[in-house]
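Enquirer: Prediction below, plus the sequence it came from.
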Amino acid sequence: MMKKHVKPIVNFTTVFFALSLILFLLIGSPYPILGSAIVAFLVFELRFLFFFVKEKKKDEILS
């Protein structure tokens, strides 16, 4: 069950990494890949946080 929820999160994170890389390249950042990796990691963590909070609320309603 967890597998079907991870794929959209990873896809969203990959798209966000690419968009932030383009943005950092356009603004002339000295380390665009590092900045994009940090942004993508934060987005990844927030998506999982929201996912687990939603699952916890769903479990509380069922019990």
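Expert: Cool, the structure landed.

Enquirer: for the chain, what's the longest helix?
Expert: helix 32-62 (DSSP state H).

Enquirer: Which other helices and strands does it contact?
Expert: helix 2-27 (3 or more CB pairs under 8 Å, 6 or more residues apart in numbering; DSSP states H and E). C-beta here means a position set from N, CA and C on the backbone, and glycine is covered the same way.

Enquirer: ok, back up a step: can you state the direction angle for the longest helix of the chain and helix 2-27?
Expert: 150 degrees (axes from the mean of the first three to the mean of the last three CA atoms, to 10 degrees).

Enquirer: Give the rounded mean pLDDT of helix 32-62.
Expert: Across helix 32-62, the average pLDDT comes to 88.

Enquirer: How about stretch 8-19?
Expert: Averaged across stretch 8-19, pLDDT comes to 90.

Enquirer: For it, give me every contacting residue.
Expert: 36, 37, 39, 40, 43, 44, 47, 48, 51 (CB atoms under 8 Å, 6 or more residues apart in numbering).
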